[in-house]
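A.B. asks: following is a predicted model, sequence given first.
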Amino acid sequence: MNELEQSEGMSPAEEMSAPVLPEKPRFSASWQEIAAALAMYLLAWIWFDLEQPAWLLIFVAGFVGLAELLHRETPRPRESWFWLGCMLVLTASVVFDRYNAWEEAIFPLFFLHIFAVWWLLCRSGRLSEGESGHLLPFDALNAFLVFPFKHFFLRIRCLWYGLTHLGRGEQRVKAETLVWSAAAVLAAVLLFAKAVQLLMRADDGFGALLEDFANWFSFDFDGIRLLFSLPVGAYAFGLLAGAAREDAELLHERGSRLKTWLTTLRKVPSPVFAVLMAAFALLYLAFFILQGRYLFGAFTRTLPEGFVVAEYARQGFFELCRVMAVNFALLWLASRLPERPLREQTLLRACALALLIESLLFAVVAASKIGLYIDCFGFTPLRLQSMWLVCVLFAGCIAALYSLLTGKKSFRAWMFFGAASLSLLCLY
């Protein structure tokens, strides 16, 4: 009997009954997720001692290893190698104490966390466009907030499933083997550390030989640290395993819908933006003409009257950088809001070209100021950071010019430049 015959034989009450909703699949966890859930307790504990080189190496190796375990069936994008390389460079900067540009390890460690999260997003294939691009804010929102907090209790659910739902077959054997192996390794590590500690106390000479080694693995056990490590581990596992449970195709579809929605913002008449951009361009032109001697004094090593080198170099540097940031924001609006795309309008394109050229001049002037400062007084962490900022802004102007003139995407290349240069800066 076909569907039509079935419907004809149904009573009116049956025809009007509510449709049967598909049953939600029951929760299950693989042995890989259970293994990662157990390992994350140790990694979350180690996370509080990342300034210790040995613990940092173990944490990075564990994070990468768990990510590869959970996403082993996902094809590895070539871009993921770049972000992994940035992670390793930043790790080396802390391990070998090479972060003079920042003075404190907290800064390279902060950047390491950002690159690690982005590497995971790329490795798992969960970027909205399949690669880094203009939807960076949307991807960052998923990586740092949506995935971890959406799956915040996933670790507990996986462990509970491992304790209550695995049968007596191969999965049960793997889970039991994993649990007992982890317990054995942990017990052996604790006993080994205790033995080393006792031997160092028993003999001062042996203690002096192992002092540096012991310092690498030193940590303080306390209940507060254990308490705070629980939400840290839940967050990290929610990101690692939660990303694997997100539908990559659905994320790509959402990214496509977001890009389609951005096209609906094109409601501003083009002449309005042409007038606005022309006003900015004329303002900057007047600034260069009226203050040209002051602005370009660093190139000729001639300072305005009443200025010393330090005062001249510092004055206006960050303001010029902020002006470039304002220009980037204006150009983004000009690329999204006019009724027609910017590249299809000669006047708007000319105004954008003028703004980018003037932004390049701002970058060159700012670089000349900080370059004069470094030439006279030498390197300091803040001066190196300032020079890196100018270089990134200058590269952003070049990338925008390339896209404006050729119509090709360049944002991803700018991201690569900023990340690579930041990683290398941490090795200074």
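C.D. replies: Okay, I see it. Bear in mind that the values here come from a model prediction, so they are computed numbers and not experimental data. Residues are numbered from 1 along each chain as shown.
A.B. asks: point out where the stretch 251-400 of the chain drops to low pLDDT.
C.D. replies: Where the stretch 251-400 of the chain drops to pLDDT under 70, the residues are 291-316.
A.B. asks: all helices for it, in order.
C.D. replies: Applying DSSP state H, counting those that start in this stretch to the stretch 251-400 of the chain gives helices spanning 270-290, 292-295, 297-300, 309-314, 317-336, 346-377, 381-406.
A.B. asks: nearest to Ile34, of those?
C.D. replies: Across the helices of the stretch 251-400 of the chain, Ile34 has its closest neighbour in helix 381-406 (42.7 Å, C-beta to C-beta). Heads up, the C-betas are built off the backbone N, CA and C, glycines and all.
A.B. asks: could you report the neighbour count for Glu104?
C.D. replies: Neighbour count for Glu104, taken as other C-beta atoms under 10 Å: 10.
A.B. asks: assign it to helix, strand or coil.
C.D. replies: Following DSSP: H, G, I helix; E, B strand; the rest coil, Glu104 is assigned to coil.
A.B. asks: from Val94, how far off is it?
C.D. replies: Look at Glu104 and Val94: by C-beta to C-beta, to the nearest Å, they are 10 Å apart.
A.B. asks: quick one, what contacts Ala281?
C.D. replies: 351, 354-355, 358 (C-beta atoms under 8 Å, 6 or more residues apart in numbering).
A.B. asks: one step back: now the helices of the stretch 251-400 of the chain as JSON lines including distance to Ser256?
C.D. replies: Below are the helices of the stretch 251-400 of the chain laid out as JSON lines (distance: least, C-beta to C-beta, whole Å):
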{"stretch": "helix 270-290", "distance to Ser256": "26"}
{"stretch": "helix 292-295", "distance to Ser256": "45"}
{"stretch": "helix 297-300", "distance to Ser256": "47"}
{"stretch": "helix 309-314", "distance to Ser256": "47"}
{"stretch": "helix 317-336", "distance to Ser256": "16"}
{"stretch": "helix 346-377", "distance to Ser256": "26"}
{"stretch": "helix 381-406", "distance to Ser256": "20"}
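A.B. asks: quick one: which of the ones you listed is nearest Glu79?
C.D. replies: helix 381-406 (16.8 Å).
A.B. asks: angle of that closest one against helix 346-377?
C.D. replies: Per axes from the mean of the first three to the mean of the last three C-alpha atoms, to 10 degrees, the angle that helix 381-406 makes with helix 346-377 is 160 degrees.
A.B. asks: give the buried residues for helix 381-406.
C.D. replies: Counting neighbours by 16 or more other C-beta atoms under 10 Å, one finds that the buried residues in helix 381-406 are 381, 383-401, 403-404.
A.B. asks: by contact count, what packs against that helix?
C.D. replies: Under the contact criterion of 3 or more C-beta pairs under 8 Å, 6 or more residues apart in numbering; DSSP states H and E, helix 381-406 touches helix 317-336, helix 346-377, helix 411-425.
A.B. asks: ok, back up a step: and which of the contacts of Ala281 is nearest Phe63?
C.D. replies: When the contacts of Ala281 are compared for distance to Phe63 (C-beta to C-beta), Leu355 wins out at 41.8 Å.
A.B. asks: for Arg157, see how far away the most centrally placed residue in the chain is.
C.D. replies: Centroid-nearest residue in the chain, with C-alpha atoms, centre = their mean: Ile114, separated by 3.5 Å. From Ile114 over to Arg157 the distance is 28 Å, taken as C-beta to C-beta.
A.B. asks: residue contacts, the residue nearest to Gly130 when sequence neighbours are not counted?
C.D. replies: Leaving aside its sequence neighbours, Gly130 sits nearest to His252 (C-beta to C-beta, 6 or more residues apart in numbering; 6.4 Å). Residues near His252 by C-beta under 8 Å, 6+ apart: 128-130.
A.B. asks: just the buried ones from those?
C.D. replies: Buried among these (16+ other C-beta under 10 Å): 128-129.
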